[in-house]
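S.K.: Only the shape, not the letters, is given here:
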Ligand code: SF4
């Protein structure tokens, strides 16, 4: 069924069976942002011209003709559902329509999604990205990591399912500490690496330490395939 909800392919599929992108760009200007490359867009334009995509009517049609009841839709892959400094009413309207159709949402943001907590229930997911790097340098216009964590804890307290995406990882030690500190506020965690950019992090060692913490805390965790490959290569001494 054509429409704004689509089935991600490749590595993106690790985040969910369905996804939807609400905005044309993202103002957060993370230095590692992969989205302009994926979308074949000029980086500066992607970060400076952020508008809602014209998706509400097509979404209503898609929901009316497809069966999305009980399905979870990831928001978003190629943009942030809560772009800082922008009107995020379109996100609210998307969530309302998905919920009215019986679907659930899986939010992933470096912004502030608390305005929509009233729309979410125990079948929905509110997630943040945690990279371990100073936001002012790595994600200059995103909400600071400590404030994202605060919103995650708030959602957790409201009974909304919470998750943390530790990807990309910019500071391995900081991420390991965050995993220990925050793991119990997240109903699931996903751990990856830094792809497409050079890094001096020993990924095999990082992955093993992260997995040890997850097991110790009894977390529901996923090691992303790219990191798992590094861990396995490390074990076999082929790195
Ligand atoms: S929040 Fe995501 S889409 Fe926005 S600039 Fe950062 S990496 Fe790119």
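M.R.: Looks like it arrived, so ask away. It should be emphasised that the depicted structure is a prediction, and the values quoted were computed from it without experimental measurement.
S.K.: confidence score at residue 234?
M.R.: Looking at residue 234, its pLDDT is 69.
S.K.: any idea how far the nearest residue to residue 110 once chain neighbours are set aside is from residue 109?
M.R.: Nearest residue to residue 110, sequence neighbours excluded (Cβ to Cβ, 6 or more residues apart in numbering): residue 142, at 3.8 Å. Placement of C-beta: from N, CA and C, glycine included. According to Cβ to Cβ, to the nearest Å, residue 142 stands 9 Å off from residue 109.
S.K.: for residue 224, same thing?
M.R.: 19 Å.
S.K.: Quick check: which helices or strands does the longest helix along the chain pack against?
M.R.: Longest helix in the chain, counting residues (DSSP state H): helix 203-217. For helix 203-217, the contact count by 3 or more Cβ pairs under 8 Å, 6 or more residues apart in numbering; DSSP states H and E identifies helix 172-182, strand 188-191, strand 221-223, helix 225-235 as packing neighbours.
S.K.: How many residues are close by residue 137?
M.R.: Residue 137 sits with 9 neighbouring residues when counted by other Cβ atoms under 10 Å.
S.K.: Please settle this for me: is it part of a helix?
M.R.: Yes - the assignment for residue 137 (DSSP: H, G, I helix; E, B strand; the rest coil) places it in a helix.
S.K.: quick one: contacts for it?
M.R.: Counting by Cβ atoms under 8 Å, 6 or more residues apart in numbering, residue 137 touches residue 31.
S.K.: Next one, pLDDT for it please.
M.R.: 83.
S.K.: same thing with residue 86?
M.R.: Looking at residue 86, the pLDDT reads 97.
S.K.: Name the nearest residue to it, sequence neighbours excluded.
M.R.: residue 50 (5.5 Å).
S.K.: Okay, the one you found and residue 15: tell me how far apart.
M.R.: 21 Å.
S.K.: who touches both of residue 142 and residue 109?
M.R.: With Cβ under 8 Å, 6+ apart, residue 142 and residue 109 have common neighbours 80, 148.
S.K.: Fine by me, thanks again.
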